[in-house]
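Asker: 3D, please:
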Amino acid sequence: MVSQPKITHVETGRRAISPRDVRDRCALYEVTDQQVIDSLMEMATESGQQGWWHAYGDIPHSVYIGLETDAASIHSYEPMVIPGLLQTPAYADAVIGKTIPPLTAEQPAMRLRVRLRRQHRIYDPARPLQLWVVLDEAPLRRVVGSRNIMREQLEHLHALGAGPHITVQVLPYTAGAHPGLSGQSSILRFADSPQAGVVHLQRFTSDLYLEKPPDVQHYSVMYDHLQAQALNPDSSHHFITDTVKSHIDATSAVESFRETA
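Answerer: I've put the predicted structure just below:
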């Protein structure tokens, strides 16, 4: 008999499933193919090797971080903020500082370290992450921290988007209604099963993970429509450059007003 807390901890990634657990479940579900059993036992053994994020204790989105670390590619739509993998330290710090409920004195620095550590994944020369991002215009316009922080963030975004493994497309306000109005979504795919995938939906109190093929297909089609409505990568780069200039101009206007006031 397995307790509900144990099942919950396994499903949320807080407890690794043991080879004994696998053996018991194979017997329960009458799995007799020894090759399948051996494969599941091997995966269970590997799952016991904790990922780097466990060293930081109980952190939010740990299940997603594990998936992100293993993913070969991610297709992400972000309507509110610059994606965590592409954030500068100053921007990330400003976002984390507005977390609700308020964090303890130690938590912001820890969460910032985790977020920056996650970014190693996009710089890994041996296993570069293929990242496609459709970014709503709102995160480019919203002043997070300060306009100087925004200028630095958008310049960083522009530079990353010019790389071979990262594609950024801007979905401008002029695109009107689009399939992404329901909120953020990411589709993660993995090298060992490129046709399958996991859809991640980040919500305020808990995240959702969809793995059924019809669900993954639904979000894949939706993402195709978002990419079609968004500016192409070259036009997106120009759009980001123009937005940087608007932040610079706004900063200059404020400084001029202060000098004359």
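
Asker: tally of neighbours for Phe204?
Answerer: Phe204 is flanked by 6 other residues according to other C-beta atoms under 10 Å. Yep, even glycine has a C-beta here, placed from its N, CA and C like the rest.

Asker: tell me the secondary structure for it?
Answerer: Classification of Phe204 by DSSP: H, G, I helix; E, B strand; the rest coil places it in coil.

Asker: confidence score at it?
Answerer: Here, the pLDDT recorded for Phe204 equals 76.

Asker: hey, where'd the strands end up in the stretch 101-250 of the chain?
Answerer: For the stretch 101-250 of the chain, applying DSSP state E, counting those that start in this stretch gives strands covering 130-136, 166-171, 185-190, 193-201, 208-210.

Asker: Least confident of the ones you listed, on average?
Answerer: With a mean of 88, strand 193-201 has the lowest mean pLDDT of the strands of the stretch 101-250 of the chain.

Asker: which strands and helices sit next to the longest helix along the chain?
Answerer: Using DSSP state H to define each element, the chain has its longest helix at helix 233-260. Packing partners of helix 233-260 (3 or more C-beta pairs under 8 Å, 6 or more residues apart in numbering; DSSP states H and E): helix 137-141, helix 147-161, strand 166-171.

Asker: among the ones you listed, which is nearest Ile74?
Answerer: Proximity to Ile74 (C-beta to C-beta) singles out strand 166-171 among those, at 10.1 Å.

Asker: Which secondary structure elements does that closest one sit against?
Answerer: Here strand 166-171 touches strand 130-136, helix 137-141, helix 147-161, helix 213-229, helix 233-260, going by 3+ C-beta pairs under 8 Å, 6+ apart.

Asker: Return, as residue ranges, the portions of the protein with sub-threshold pLDDT.
Answerer: Within the chain, the stretches with pLDDT under 70 are 1-20, 36, 38-49, 261.

Asker: For the helices and strands packed on helix 233-260, give me CSV that also has mean neighbour count and distance to Thr243.
Answerer: Output for those, formatted as CSV (neighbours: other C-beta atoms under 10 Å; distance: least, C-beta to C-beta, whole Å):
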stretch, mean neighbour count, distance to Thr243
helix 137-141, 17, 5
helix 147-161, 19, 6
strand 166-171, 22, 9
